[in-house]
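>>> got a predicted model here, sequence first, then my questions.
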There are 4 protein chains.
Amino acid sequence: MAPIRHWRDLTIAIVGGDAREAESARRAPETGAAVRAYGFPWPDGGVLGVTPAASAPAATTGADIALFPIAGVKDGCLYAPSLGTPIRIDAALLGGMAANGHIICGSADATLTREAAARSLTIHTYEHDQESRLLRAPSVVEGVLTTLIANTRHSLHDSEIAVLGQGVLRHLLAVTLHKLGARVHAVARDPVQRAEAVVQGIDACNFESLPTIAPCLDILISAVPVKIVDAALLRQLRAGTLVVDLASPPGSVDLEAAKALPIKAIWARGLGARAPITVGQAQWLAIRRWIVAIHGL
Amino acid sequence: MAPIRHWRDLTIAIVGGDAREAESARRAPETGAAVRAYGFPWPDGGVLGVTPAASAPAATTGADIALFPIAGVKDGCLYAPSLGTPIRIDAALLGGMAANGHIICGSADATLTREAAARSLTIHTYEHDQESRLLRAPSVVEGVLTTLIANTRHSLHDSEIAVLGQGVLRHLLAVTLHKLGARVHAVARDPVQRAEAVVQGIDACNFESLPTIAPCLDILISAVPVKIVDAALLRQLRAGTLVVDLASPPGSVDLEAAKALPIKAIWARGLGARAPITVGQAQWLAIRRWIVAIHGL
Amino acid sequence: MAPIRHWRDLTIAIVGGDAREAESARRAPETGAAVRAYGFPWPDGGVLGVTPAASAPAATTGADIALFPIAGVKDGCLYAPSLGTPIRIDAALLGGMAANGHIICGSADATLTREAAARSLTIHTYEHDQESRLLRAPSVVEGVLTTLIANTRHSLHDSEIAVLGQGVLRHLLAVTLHKLGARVHAVARDPVQRAEAVVQGIDACNFESLPTIAPCLDILISAVPVKIVDAALLRQLRAGTLVVDLASPPGSVDLEAAKALPIKAIWARGLGARAPITVGQAQWLAIRRWIVAIHGL
Amino acid sequence: MAPIRHWRDLTIAIVGGDAREAESARRAPETGAAVRAYGFPWPDGGVLGVTPAASAPAATTGADIALFPIAGVKDGCLYAPSLGTPIRIDAALLGGMAANGHIICGSADATLTREAAARSLTIHTYEHDQESRLLRAPSVVEGVLTTLIANTRHSLHDSEIAVLGQGVLRHLLAVTLHKLGARVHAVARDPVQRAEAVVQGIDACNFESLPTIAPCLDILISAVPVKIVDAALLRQLRAGTLVVDLASPPGSVDLEAAKALPIKAIWARGLGARAPITVGQAQWLAIRRWIVAIHGL
């Protein structure tokens, strides 16, 4: 097989996903690569430079690169809400790819890892690409704002809000709520994370202080990926407090314990779907960077 | 009848409305006045110090002060969504009020004006109370944010947004969108209003410049109380632009003309219902100020 | 004398002032008017379209409009620091102006008022032009920041600061200090002014609360035009607090009483001189508006 | 010698520096350690719990820990402006320290490195302690603001400003100038650094775009530690632009080339001295952390 020296030598298959992947698909042909697509909501009027495939294998056969959905490789399937059923990760999906091909996705599950290894396909994940995460963060924050507004009868302005956890998203969420006029407490274990909040004019404390501030809160938001908001902490909250769990399963909040208390606890899922055009463009930046690195383009 | 010298000499009837009025009702007994209520959603567990009445006349009979809903005096009725049907403004409603009583509401329609005059009842409107408007503004802005987020596929962050019109709400909306990272254009006729935006780091222009910036916009928001966003202006917008009308009827945007164009135009109504507790508290400040002024308390 | 129908029919004299007036002078010829200047620092290379006069009377003789310095009509003289001595307001200065001429200045003192009236010259003041004030406000705030930074050993960030008084400048100062990470208390008598602060996420209180917050302050700034920061209030402050008086004479702070206390009190004067180009441009907007109004141009 | 198990077993010598070290000295006795001091401005009234020494050797003799100034180990001496002459790093200074003692400083020069090694003293530098850097950053930014305001005739508000370089300080400076109403361009090589600016609503570009934006700038600030602002770039700037070099020697800007151009170029040094109390407290956090780590306290 001829070596890949230029974008025009590449065939990319985009399989599964939602409107975010549709936006990545819109960007991909600008590189000069051949692009085939299957399994995401197909826009009215099509996508310039992208060939719709009749099936997932039709898309991947002969492809050098397969793009799978950022948040959608799970239980041996690809997320594909527009199809009704997910796309199975199996021999039909992967068997026809070009020798030594590459799979780019958010993160890989056990099935994808095994099936790719069996065919000498290399997996590249971009979930942790820092630039892409940053550029997606405002969209996710806007999704969180919608969730908070829909579940409160007070304004966010002038509310007392604790944001638990570290990282880009939590920092931007805390800064944004502060800008909207909330009294925000950034709760983090790492003193550097606390200092980043303090520098932006936001109160910061460690987890030991949480029981002290808990009774004053209108809203408690946690993105810590362990069950840190337990029954004991929930009992410190006053009646009417909103508790929002932003963590992936198994989540951060003991939702079962919350049911017995006069508070409102919700698990905010699917925030990544807010602003699919913006998010799809940010994803594409990370994907493109991987392709450049893989093939030295 | 004994003169009113103290709050405890007063009887207040709160009739109609929604959760905002429920919150005003919660505050009213703190003054020491006798408070009766009818026609708004009655909270589980009741409201401490407030007597629920069996009908609107039962609430108003003998009352010195009647509070009617801020946004709900229209077509001869009071807004009362929890009742299924509105409450008619008629002899039954007003006939039993104390001699020389007072009605406090957002604004009065022709029926209320006529019926009150016929019974020597004085009307006081607080729609334009500036402190109360300011304190309600963040809640309304949050309602607008929800509307914008629900109707866009780009993030507000990094969007190009024009905000048309003057006043407290538009200024706070422009400032808030700017803080969220949008590129905001404040469009106003009054140079003072434009300067207020400029001082906050926001680009400002007059309406003559609007056709020039229109083709770059992702979102156009208008709160001007005349049909200023006409077919000619709408045709300047690019495909996919979101147009949001915040004005009261008859509105600011030619929604009929918008239907023929590849844009999305919506009339955002009912934003006052966001954060009813915060809004109800702000209303109560204005209402309380009226009562103090009326009776010299 | 021929009526003035166009800018080109006008002769404007700019007399006295500092770099702000030099900037106004730069703008004036753009209108088409004839412009003469005397008594402000003359830029190297001159000002395109402006004729330097040999004396103040040489500038004003025959002029339809005389511009005097915004902050510099006092004790019968015009402020003119570049001359060494101020310019007297007398017959020589005003006697030669065109019949029914106009004087535009920040504010007039008794001498100017009397001398102008004696010659049927009309005075127009622009000190209170709201657009111009707003556009000058960021420059003045930057001057205040410099003063605060030069007089503190703590960062403004994380300081506890009270800002007393109302108006555009105080509001922008409070908002700016809040953005820099200070914990700001806006102290105002008017509930609307307090609400404007609250809406921006700033704590607000009335003067009755001041003794309560005084002991926690790092900085107290007052722009109230009466001696409200008296000995009793100063004694509430802890050692090391910085007190800044922004008011015009006679000032807001009892500086004499402050000397006996372990605090630092300063009278910040001349803040209007910060950013003379920006301020001069903002002044010119107000001046130009007056000329348009006077002559219906 | 007895092992160090508690803070009370420790003797700390603080030698050299300025008001920042005086503030560290104020904090040190709170730990319970014995603290001696020499060579920084001694506060009126002394420092509770700190023993002033008669000379540098008198301070260090027998000390377990020596603290040297954060920004002041250079050319074989310690910075000590209050003494008139710097303190030499020699046998007299170090020879009497406890066996296996520790030196904590911002960064070490060749002399300190050599002299410490010769005596089995271990050096610990905290210049790069991230929490401490963050907490010092607002103070440094305020110092930069003063420099910018003192050297411009336009307001920072509404100015066009490029900030070159990466890191905590540059990010906070860009965010602060944006909040003050400047139009900021964050110029960075690293896409993650650019994304951090974008997320805060700030325009970002790489160095390749700099020649394009240069002619529009009012202010160019560089903290890049190499001479990136060369004659070619300086020639792109328009007359009157302010160029500020924030880098350590040898600096970021070709100041010699700047002299021949109609621009104003300055090297802003000593910004670390702004807000010595705040900065000294932030330094102490990093120092304390080192002592805890060294002795397992």
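Nice, I can see it. Numbering: from 1, shown residues only, chains lettered A, B, ... in the order given.

>>> partners of A:A13 in the sheet?
Applying DSSP bridges to A:A13 gives these bridge partners: A:R36, A:A66.

>>> show me the contacts for it.
A:A13 makes contact with A:35-38, A:53, A:59-60, A:63, A:65-67, A:97, according to C-beta atoms under 8 Å, 6 or more residues apart in numbering or on different chains. Yep, even glycine has a C-beta here, placed from its N, CA and C like the rest.

>>> pick the one among these closest to chain C.
A:L67 (41.5 Å; C-beta to the nearest C-beta).

>>> just give the number of residues close to the closest one.
A:L67: 29 surrounding residues under other C-beta atoms under 10 Å in any protein chain shown.

>>> hang on, it packs against A:E21?
Yes. Counting by C-beta atoms under 8 Å, A:L67 does reach A:E21; the two are 7.3 Å apart.

>>> next, the distance between the ends of stretch A:263-273.
27 Å (C-alpha to C-alpha, to the nearest Å).

>>> please see if that stretch touches chain B.
No. Judged by C-beta under 8 Å from any C-beta of the partner chain, stretch A:263-273 stays clear of chain B, getting no closer than 10.1 Å.

>>> list the buried residues of that stretch.
Residues of stretch A:263-273 classed as buried by neighbour count (16 or more other C-beta atoms under 10 Å in any protein chain shown): A:263, A:265-266, A:268, A:271-273.

>>> and what of stretch A:30-48?
By neighbour count on 16+ other C-beta under 10 Å, the buried set for stretch A:30-48 is A:31, A:33-40, A:47.

>>> which residues do A:L67 and A:E21 both contact?
What both A:L67 and A:E21 touch, as defined by C-beta under 8 Å, 6+ apart, is the set A:I14.

>>> follow-up on the earlier one: show me which pair in the buried residues of stretch A:30-48 is furthest apart.
A:T31 and A:G39 (20.9 Å; C-beta to C-beta).

>>> what residues does A:G165 make contact with?
A:187-188, A:222-225, A:246-247, A:252.

>>> what of A:N206?
A:187-189, A:194.

>>> what subset of those is buried?
A:187-188, A:194.

>>> and the gap between the nearest residue to A:V187 once chain neighbours are set aside and D:G280?
Distances taken as C-beta to C-beta, 6 or more residues apart in numbering or on different chains place A:L164 nearest to A:V187, at 4.6 Å, with adjacent residues excluded. Between A:L164 and D:G280 the computed distance is 31 Å (C-beta to C-beta, to the nearest Å).

>>> make sure A:E23 is indeed in a strand.
No. A:E23 is assigned helix when assessed by DSSP: H, G, I helix; E, B strand; the rest coil, not a strand.

>>> mind listing what it touches?
For A:E23, counting by C-beta under 8 Å, 6+ apart, the contacting residues are A:276-277, A:279-281, A:283-284.

>>> which pLDDT value does the model give the residue of the stretch 1-150 of chain A found nearest chain B?
The nearest approach of the stretch 1-150 of chain A to chain B comes at A:P138, 3.5 Å away (C-beta to the nearest C-beta). At A:P138, the pLDDT value in this model is 97.

>>> point out the residues in the stretch 1-150 of chain A that sit beside chain B.
So far as C-beta under 8 Å from any C-beta goes, the stretch 1-150 of chain A lies against chain B at A:19, A:138-139, A:142-143, A:145-146, A:149-150.

>>> I appreciate the help and will end here.
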